[in-house]
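>>> 3D, please:
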Amino acid sequence: MKLYIKYMVSLRCKMMVIEELKKIGVQPLTVELGMVELLEDITEVQRNQLKIDLLKSGLELLDDKKSILIEKIKNVIIEMVHYSDELPKVNYSDYLSKKLGYDYTYLANIFSEVKGITIQQFIILHKIERVKELLIYDELNLTEIAHKMHYSSVAHLSNQFKKITGLTPSFYKQLKDKRKKNLEDL
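All right, here's what the predicted structure looks like:
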């Protein structure tokens, strides 16, 4: 049996879900972002208790097919952008279609209808969040970040970053450095 869980986007969320499953006496087979596979079906009582317990942790057990598909799309994108070392070499549309087993047009239409933004906009938002992380870690320069995140150039990355955040990547990095200096003055 598979359960789909909304807002499950990190290792900490996975750990919370495992704990909540243990509380109701269920052992998961696998736990991935947004999805738990169980060895056996759970009772309606267990399902309701899990739903209540997950809500307390800010997570949501999904029931309807559209919501489940939207969460699958979001989780594939989050995993692709934030948790894999290399972004796929193929188009994102091909990657999502292959990974989820649906035509991209169908995925794009449902995603836009439910979320109010396109899949491409969602990917860009997450890529910019990842760029922010990489800038803060200060291990890569902007050229290396642009390459890692599959931007055609540093200029393209900088333009997209400024469009989303209102700041240039360099200015964003300076803000981080200024905050460090201010903390050192305390």
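
>>> only C-alpha atoms for contact and neighbour calcs from this point on.
Will do.

>>> Pretty sure residue 30 sits against residue 38.
Yes: taking contacts as CA atoms under 8 Å, residue 30 lies within contact range of residue 38: 7.1 Å.

>>> Compare the two (neighbour count), which wins?
Taking neighbours as other CA atoms under 10 Å, residue 30 and residue 38 compare with residue 38 leading, 17 against 12.

>>> residues contacting that one?
Contact partners of residue 38, counting by CA atoms under 8 Å, 6 or more residues apart in numbering, are 1-3, 26-30.

>>> go on, residue 63?
Residue 63 neighbours (CA under 8 Å, 6+ apart): residue 4.

>>> Find me the pLDDT at it, would you?
On pLDDT, residue 63 comes in at 83.

>>> Now do the strands in this protein.
2-6, 28-32, 35-38, 60-61 (DSSP state E).

>>> Got the phi and psi for residue 43?
Per-residue torsions, residue 43: phi -80, psi 170 (degrees, to the nearest 10).

>>> what about it, neighbour count?
Residue 43 has 9 nearby residues by other CA under 10 Å.

>>> how much space is there between it and residue 49?
Distance of residue 43 to residue 49, computed by CA to CA, to the nearest Å: 10 Å.

>>> tell me how far the ends of stretch 36-51 are from each other?
So stretch 36-51: terminal residues 13 Å apart, CA to CA.

>>> Quick one: mean pLDDT over it.
The average pLDDT for stretch 36-51 rounds to 91.

>>> Buried residues of that stretch, list them for me.
The neighbour-count check on stretch 36-51 (16 or more other CA atoms under 10 Å) flags 36-38, 42, 46-47, 49-51 as buried.

>>> Residue 175: which of those residues is nearest?
residue 36 (39.6 Å; CA to CA).

>>> For the nearest residue to that closest one once chain neighbours are set aside, give me the pLDDT.
Spatial nearest neighbour of residue 36, excluding adjacent residues (CA to CA, 6 or more residues apart in numbering): residue 3 at 5.2 Å. On pLDDT, residue 3 comes in at 90.

>>> burial of residue 3, as a residue count?
17.

>>> Would you mind stating the distance between it and residue 53?
14 Å.

>>> domains of this protein?
1-63, 122-185 (automatic domain parsing).

>>> ok so, going back, can you put the buried residues of stretch 36-51 in CSV and add distance to residue 64?
Putting these into CSV (distance: CA to CA, whole Å) gives the following:
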residue, distance to residue 64
36, 16
37, 17
38, 19
42, 17
46, 18
47, 14
49, 18
50, 16
51, 14
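
>>> out of the residues you listed, which one sits closest to residue 114?
Closest to residue 114, out of all of the buried residues of stretch 36-51 and judged by CA to CA, is residue 51, at 21.7 Å.

>>> Look at residue 185 and report its pLDDT.
52.

>>> Please list the outside residues in contact with the top helix by length along the chain.
When the chain is parsed with DSSP state H, its longest helix is helix 119-137. With contacts defined as CA under 8 Å, 6+ apart, helix 119-137 is touched by 77-78, 81-82, 108, 111-112, 140-142, 145, 149, 160-161, 164, 169, 173, 176.
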